[in-house]
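> the sequence and its predicted three-dimensional model are supplied below.
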Amino acid sequence: MSLIKIVTIKHANRSIWGHLAEREKSLPLVTPLDIYPQFQETRGSWFWDSGMAVVEIETEDGVTGSGWCEDGCDTIKNFIELHLKNLLIGQEASEIEGLWDRLFRASLPYGRKGAALHAISAIDIALWDIAGKVVGKPVYELLGGPVRDPIPVYASALHPVGHEKVAAEAKTYVEQGYKAMKMRFPYGPGEGVKGMRTNEEHIANVRDAVGDDIEIMADAYMGWDFLYAKKMVRMLEPYRLAWLEEAFLPDDLNSYAKLRQETDIPISGGEHEYTRFGFQQIIEKEAMDILQPDLRRCGGITEGRKIAALAYSAGLPVIPHAYGVTHIHFALGTVNCPMIEYFPMPCWDSLPDVEVEPIFHGEPQPENGVVRMTQEPGLGVSVNPKIFS
């Protein structure tokens, strides 16, 4: 028996997404609030302050596991301290499946999606960390991996900061060994035909810079509507996009499903979706070609496995949102996860002062377009205590 003894929650004014979260607040890209003129300039005009919660779970045997999630509004501690902690203390740490189910059912009055699932995700990740440490194996081996090693990563950046800068950035990623890269659209419906042409020019610029042998993708970050997207895909089809990401609000599955029927461009999404139930709806509506859960949101590694199984049965790939050691382990143990996302630093930019201290010690970084995981037990990383100061 390895009973849970202590549950500790800490908050840090950092983003689990790394440097991109702070940089993107001032970079141009379309967002869901672009329909309001006062919020069109940047995401920083409406986005919350960066923040993350770290959950540490210690067993009576002295094994400690860590998990984490985003926490920009500093809410996770209350969810866990005032409620979920009561369902953990004194319970068997290895009973990950049952603990997840109890936490989910107990939080239904205020949960099902959103921050409550973020909290459950962090707890679940910590329990998997413990499970690996107890048996002396990395989490990906507990998941049945590695199914492939190393894991391909794609470069996710290319904000519309000017054709020359973007072309240089794209060429740098090719030189660094990336075989795929994703860019951000600058405009949505509010900018009309002129904005549509600018969107196309941004895509064309990257395609010209990297040639035909590199996969390119583009992210609309929930900033479009169906009629706009219908027109845009006609303009974008000649550029052979590997996928068009998050064209609509996450609950607008009807628009996703209709857009799939309008274009040969694969449609992706899911970073703002939660649990197997949410992804089952996506699959049933045939709304997306590629599912992109974030394990630090959707319910952790336990729920990520179920989402991947549903996707596999439907013949769909799973490509997680954002970089992180959780997604490296997940990809290593998941047959239908062909790559993961990574946020490289553009050649024209530099790291903000707030991001100098790393969040994790021991987190592997990509080299030549791939990432390799160590044999360290559990998740194989430790949280840097300096981020809490």
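Perfect, I can see it now.

> low-scoring stretches of the protein, by residue?
1, 352-355 (pLDDT under 70).

> quick one, helices of it?
Ranges of helices within the chain are 20-23, 76-82, 96-106, 115-135, 139-142, 163-175, 192-210, 226-236, 253-262, 275-284, 295-298, 300-313, 325-332, based on DSSP state H.

> for R148, which of these is the nearest?
Nearest of the helices of the chain to R148, taken as C-beta to C-beta: helix 325-332 at 7.2 Å. C-beta here means a position set from N, CA and C on the backbone, and glycine is covered the same way.

> could you list the residues in contact with the closest one?
125, 138-140, 143, 145-149, 151, 295-296, 301, 304, 308, 320, 337, 339-341, 360, 363-364, 371, 373, 379-381 (C-beta atoms under 8 Å, 6 or more residues apart in numbering).

> who are the contact partners of V7?
Contacts for V7 (C-beta under 8 Å, 6+ apart) come out as V55, E56, I57, E58, I80, K85, L88, I89, I123.

> between those residues, which is closest to S156?
Of the contacts of V7, the one sitting nearest to S156 (C-beta to C-beta) turns out to be V55, at 26.3 Å.

> and that closest one, how many neighbours does it have?
Other residues lying near V55 total 29 when counted by other C-beta atoms under 10 Å.

> can you give the domain ranges for the chain?
Structural domains assigned to the chain are 4-136, 142-386, following automatic domain parsing.

> gap between L108 and I214?
Distance, L108 to I214, using C-beta to C-beta, to the nearest Å: 45 Å.

> please disregard the earlier target; I meant D252.
Taken as C-beta to C-beta, the span from D252 to I214 is 31 Å.

> please apply the same query to L27.
The gap separating L27 from I214 is 22 Å, by C-beta to C-beta.

> still on that earlier bit, same drill for L108 and I214, tell me which one is more crowded.
Ranked by neighbour count (other C-beta under 10 Å), L108 and I214 place I214 first, with 19 against 9.

> mind giving me the ChimeraX command for buried ones among the contacts of helix 325-332?
Applying 16 or more other C-beta atoms under 10 Å to the contacts of helix 325-332 leaves a buried subset, and the ChimeraX line that selects it is:
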select :125,138,139,140,143,145,146,151,295,296,301,304,308,320,337,339,340,341,360,363,364,371,373,379,380,381
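
> among the contacts of helix 325-332, which ones are in strands?
I151, I340, E341, F360, V371 (DSSP state E).

> wait, what's in contact with the fourth one?
If I follow you right, that is F360. V325, V381, S382, V383, N384.

> try 10 Å
F360 makes contact with 16, 18, 66, 68, 324-325, 379-384, 387, according to C-beta atoms under 10 Å, 6 or more residues apart in numbering.

> of those, closest to E164?
E164 has its nearest neighbour among those in G18, at 25.7 Å by C-beta to C-beta.

> for the closest one, give me phi and psi.
Dihedral pair for G18: phi 80, psi -150, per degrees, to the nearest 10.

> neighbours of it, how many?
If we define neighbours as other C-beta under 10 Å, then G18 has 21 of them.

> before we move on, what about K133?
K133: 20 neighbours (other C-beta under 10 Å).

> over to P28?
Neighbour count for P28, taken as other C-beta under 10 Å: 18.

> same check, this time on K171
Look at K171: counted by other C-beta under 10 Å, it has 15 neighbours.

> what distance do you get for it to K137?
41 Å.

> same deal with K113?
From K113 to K137 the distance is 32 Å (C-beta to C-beta).

> okay, these two: which has more neighbours?
A side-by-side neighbour count of K113 and K137, using other C-beta under 10 Å, places K113 first with 18 against 15.

> now do the contacts for the nearest residue to the more buried one once chain neighbours are set aside.
Nearest in space to K113, with sequence neighbours left out and distances taken as C-beta to C-beta, 6 or more residues apart in numbering, is Y274 at 4.2 Å. By C-beta under 10 Å, 6+ apart, the contact set of Y274 is 111-114, 116-118, 120-121, 250, 293-294, 297-299, 303, 307.

> give the buried subset of these as a ChimeraX selection command.
Remark: buried members of these, expressed as a ChimeraX selection using 16+ other C-beta under 10 Å:
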select :111,113,116,117,118,120,121,250,293,294,297,298,299,303,307
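
> looking at the contacts of V7, which one is closest to D349?
Nearest to D349 out of these is V55 (C-beta to C-beta; 31.8 Å).

> that closest one pairs with what?
Judged by DSSP bridges, the bridge partners of V55 are I9, G67.

> buried stuff in stretch 162-172?
Going by neighbour count (16+ other C-beta under 10 Å), the buried part of stretch 162-172 is K165, V166, A167, E169, A170, T172.
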